[in-house]
Structures are given as C-alpha cells and as structure tokens.
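**Q** I'll drop the sequence and a predicted model, then ask my questions.
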Amino acid sequence: METTKVVLGNVRGEIQLFSDDSKAGKMDISVIGKKLTVYHTEVNEEYSGKGFAKILLDKLVSYARENDLKIVPLCPYVHAQFKKNPELYNDVWLKEE
C-alpha cells in the first residue's frame, strides 16, 4: 500500500512516497512564506510505470491547497503537468512574470 508524507525542515524538505514501507520516490521542495517551490521529482526505478509521480503530484497540490500556498513548478515533470492540465492546477500555480 502506498503512503505519502510531507517532511519539512526549516525551509527545505521533501514529499516522500512509500510503498510497503520502502521509500519509492520523493519530491524536493521548499516553502518560503506562501510560496512552495518544487525542484525535482524522483521515483525509484523499480517503481517506474506505476503512476507514483502522479501520486506525489497529487500530494503536492493537496498540501498547497490545505496550507494556502502557491506552487512554483521548477521541476520539469510538475511544470509539464501544470501546462498540460491548467484547469486542474490554476488555483495553486504561481505563474511568475
């Protein structure tokens, strides 16, 4: 069974994804003020093709909504998903000029 958790230090942290108690993937993030920046999404090779990156993305967006944060998608995967499905993410997408 898959579980996720958000682990934040002072500013930097990650969203971690576990499958049967093994760490399967993560997103590197930082939160400064009301801005959540996502830098990188990584899923371990043995878990590729199982939709785990999408699970991480869903947790990222849920966390942003719950905490009234705007997401800066520096991660290529997250940015591509935001551009492909803007109607799903416009409320949390911080489009910097």
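**A** Cool, the structure landed. Numbers count the residues shown, from 1 in each chain.
**Q** neighbours around the residue lying closest to residue 26 once chain neighbours are set aside, how many?
**A** Among residues not flanking residue 26 along the chain, residue 14 sits closest, at 4.6 Å (Cβ to Cβ, 6 or more residues apart in numbering). For every residue, glycine as well, the C-beta is placed using N, CA and C. Other residues near residue 14 come to 21 when the count uses other Cβ atoms under 10 Å.
**Q** start at 56 instead
**A** That works, and once the first residue is 56, the last one we named lands at residue 69.
**Q** Please settle this for me: is residue 69 part of a helix?
**A** No. Using DSSP: H, G, I helix; E, B strand; the rest coil, the assignment for residue 69 is strand, not a helix.
**Q** Contacts only, for it.
**A** Each residue near residue 69 by Cβ atoms under 8 Å, 6 or more residues apart in numbering is listed here: 61-62, 81-84.
**Q** Pick out the most distant pair among those residues.
**A** Using Cβ to Cβ, the contacts of residue 69 span at most 12.0 Å, a distance reached by 61 and 83.
**Q** Buried among the contacts of residue 69? Make that a PyMOL selection.
**A** Selection of the buried residues among these in PyMOL, burial being defined by 16 or more other Cβ atoms under 10 Å:
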select buried, resi 61+81+82+83+84
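**Q** Looking at the contacts of residue 69, spot the one nearest residue 120.
**A** After measuring these against residue 120 - Cβ to Cβ - the closest member comes out as residue 61, at 12.7 Å.
**Q** Identify all contacting residues around whichever helix or strand that closest one is part of.
**A** Using DSSP states H and E, residue 61 sits in strand 57-63. Contacting residues not belonging to strand 57-63 are listed as 68-74, 79, 84, 86, 107, 110-111, 114, 118 [Cβ under 8 Å, 6+ apart].
**Q** same thing with stretch 89-103?
**A** Identification of contacts with stretch 89-103 by Cβ under 8 Å, 6+ apart yields 72, 74, 78-86, 107-108, 111-112, 115, 118-119, 122-130, 132-133, 149.
**Q** So which of those are in helices?
**A** Among the contacts of stretch 89-103, the residues falling in helices (DSSP state H) are 107-108, 111-112, 115, 118-119, 132-133.
**Q** number of nearby residues for the residue nearest to residue 123 when sequence neighbours are not counted?
**A** The shortest distance from residue 123 to any non-neighbouring residue, by Cβ to Cβ, 6+ apart, is to residue 89 (6.5 Å). Using other Cβ under 10 Å, residue 89 has 11 neighbouring residues.
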